[in-house]
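Asker: this one's sequence-less:
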């Protein structure tokens, strides 16, 4: 596949607001940071895209060092000398003289009566040939290093109107936000596979308040200093309870969405002094069957819980949530004890139960407390009034 460079000249495409590139052969995007109205940028699985054009990752250095290492380990020049191979590989002799000596050496090898000597000379000749033709070395038949590392730098005073940045890639990637870059950026959607990837400067993005992460939990570490984020959506992060504890220290987080495979345990616990400003919790991990709030200071401002489950065992400690107003459940069965605790709550939160669609049913929703969708909606309106 032939790589393509895109260059935006000054004054070109002045009305362009959104760029989406997915699985392309584009190698660079020169001038993209000067587009005056660019608001959304989506780059997904572009194998050859290494930079915006003004950056240069340094994979060539890795390639050269690997070549040197291979040459050193193979010891090709050494083998030519030790095996007694003709010196015309290393000395600058005239071509005719070299050809004459080569033919003489070959003829001598042919008439030799010592099989061991013949084998030795043959191996020497083969070694010399291999050292002169590195393409025959199977170790060199690999994907070029230049497609395994990329770097994207958001320069100071550039990308002035960018609001949303979406990036997905499997190769090692460094994303850098310089101070003063992308001052309007509000949302980052990130999916990276290589754990050596880096993200710097997000703490200097004044309006960044929403993050969506898909992949290994190392992605969370990239945002450890971004304490101003108010909404976070996680998918495939396979978090443990201790990771939830760390996440709970973010003082500005108001909405947490735990989507598919984001949490790796069955019991999700909110402990003392965690999630001080959280008001919306969405759990879409089917493996989670129990949620508990252990203390009055655990998510004390939580108002709404939306929970999709395969099986619910318990929802405990909701009495510690003074501001709770609504619980929406999607699954087969809400245990009696859970409904009892909801009824006993001083704030009288509304329970909405959405059951899975059954064969022959027109709708998959029905109120768990009454069994009638119409009555359930009436009761919700009345209770909210």
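Answerer: Here it is on my side, so go on. The structure displayed is predicted, hence computed values, not measured ones.
Asker: Run through the strands of the stretch 201-350 of the chain in chain order.
Answerer: Along the stretch 201-350 of the chain, the segments classed as strands by DSSP state E, counting those that start in this stretch run 210-214, 231-235, 255-258, 267-270, 280-283, 290-293, 304-308, 314-316, 326-330, 350-354.
Asker: Could you export those strands as JSON lines, including mean pLDDT and distance to residue 243?
Answerer: Heads up, the C-betas are built off the backbone N, CA and C, glycines and all. Shown next, in JSON lines, are the strands of the stretch 201-350 of the chain (pLDDT from 0 to 100; distance: least, Cβ to Cβ, whole Å):
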{"stretch": "strand 210-214", "mean pLDDT": "98", "distance to residue 243": "12"}
{"stretch": "strand 231-235", "mean pLDDT": "98", "distance to residue 243": "10"}
{"stretch": "strand 255-258", "mean pLDDT": "98", "distance to residue 243": "11"}
{"stretch": "strand 267-270", "mean pLDDT": "97", "distance to residue 243": "11"}
{"stretch": "strand 280-283", "mean pLDDT": "98", "distance to residue 243": "15"}
{"stretch": "strand 290-293", "mean pLDDT": "97", "distance to residue 243": "16"}
{"stretch": "strand 304-308", "mean pLDDT": "97", "distance to residue 243": "19"}
{"stretch": "strand 314-316", "mean pLDDT": "96", "distance to residue 243": "21"}
{"stretch": "strand 326-330", "mean pLDDT": "96", "distance to residue 243": "24"}
{"stretch": "strand 350-354", "mean pLDDT": "95", "distance to residue 243": "28"}
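Asker: Select, out of these, the one closest to residue 223.
Answerer: Closest of those to residue 223 is strand 210-214, at 6.0 Å (criterion: Cβ to Cβ).
Asker: Hey, what's the angle from that closest one to strand 231-235? Just curious.
Answerer: Relative orientation of strand 210-214 versus strand 231-235 (axes from the mean of the first three to the mean of the last three Cα atoms, to 10 degrees): 10 degrees.
Asker: which stretch among the strands of the stretch 201-350 of the chain comes nearest residue 244?
Answerer: That would be strand 267-270 among the strands of the stretch 201-350 of the chain, by Cβ to Cβ, at 6.9 Å.
Asker: What strands line up against that closest one, and which way round?
Answerer: strand 290-293 (parallel) (DSSP bridges).
Asker: And the strand it pairs with, what's buried?
Answerer: Neighbour counts over strand 290-293 (16 or more other Cβ atoms under 10 Å) mark 290, 291, 292, 293 as buried.
Asker: Kindly provide the distance from residue 241 to residue 250.
Answerer: Between residue 241 and residue 250 the distance is 16 Å, computed by Cβ to Cβ, to the nearest Å.
Asker: quick one: which of those two has more around it?
Answerer: A direct count of neighbours by other Cβ atoms under 10 Å for residue 241 and residue 250 places residue 250 higher, at 22 against 13.
Asker: check contacts around residue 291.
Answerer: Contact partners of residue 291, counting by Cβ atoms under 8 Å, 6 or more residues apart in numbering, are 267, 268, 269, 270, 283, 305, 307, 314, 315, 316.
Asker: Show me which of the residues you listed is closest to residue 175.
Answerer: residue 283 (29.1 Å).
Asker: Surely residue 17 and residue 39 touch.
Answerer: Yes: using Cβ atoms under 8 Å, residue 17 makes contact with residue 39 at a distance of 4.9 Å.
Asker: what stretches of the stretch 101-250 of the chain score poorly on pLDDT?
Answerer: 101-148 (pLDDT under 70).
Asker: Show me where it has its helices.
Answerer: 115-132, 218-221, 241-247 (DSSP state H, counting those that start in this stretch).
Asker: Identify the residue spatially nearest to residue 52, adjacent ones excluded.
Answerer: Leaving aside its sequence neighbours, residue 52 sits nearest to residue 29 (Cβ to Cβ, 6 or more residues apart in numbering; 5.1 Å).
Asker: Would you check that the one you found makes contact with residue 46?
Answerer: No: using Cβ under 8 Å, residue 29 makes no contact with residue 46, being 9.7 Å away.
Asker: So which of those two has more stuff around it?
Answerer: Set residue 29 next to residue 46 and count neighbours by other Cβ under 10 Å: residue 29 wins out with 23 against 20.
Asker: Quick check: the more buried one is in a strand.
Answerer: Yes: secondary structure of residue 29 (DSSP: H, G, I helix; E, B strand; the rest coil): part of a strand.
Asker: what bridges to it?
Answerer: Bridge pairing for residue 29 (DSSP bridges) gives the partners residue 6.
Asker: so residue 213 makes contact with residue 229?
Answerer: No: taking contacts as Cβ under 8 Å, residue 213 lies outside contact range of residue 229: 10.8 Å.
Asker: Next, residue 43: secondary structure please.
Answerer: Criterion first, three-state DSSP; result for residue 43: strand.
Asker: burial measure for it, as a count.
Answerer: 22.
Asker: Going forward, the N-terminal residue is numbered 34.
Answerer: OK, 34 is where the count begins now, so the last one is residue 76.
Asker: Return the residues in contact with it.
Answerer: 54, 55, 82, 199, 200, 201, 202 are the contacts of residue 76 under Cβ under 8 Å, 6+ apart.
Asker: Just the buried subset of the residues you listed, please.
Answerer: In those, burial by neighbour count holds for 82, 199, 200, 201, 202, counting by 16+ other Cβ under 10 Å.
Asker: would you turn the residues you listed into a markdown table with distance to residue 267?
Answerer: Below are the buried ones among the contacts of residue 76 laid out as a markdown table (distance: Cβ to Cβ, whole Å):
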| residue | distance to residue 267 |
| --- | --- |
| 82 | 26 |
| 199 | 16 |
| 200 | 16 |
| 201 | 15 |
| 202 | 19 |
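Asker: Show me which pair in those is furthest apart.
Answerer: Farthest apart among those by Cβ to Cβ are 82 and 199. That separation is 13.6 Å.
Asker: The closest residue to residue 328 other than its chain neighbours and residue 363, how far apart?
Answerer: If the residues on either side of it in the chain are set aside, residue 328 comes closest to residue 305, at 4.0 Å by Cβ to Cβ, 6+ apart. To residue 363, residue 305 is 29 Å away according to Cβ to Cβ.
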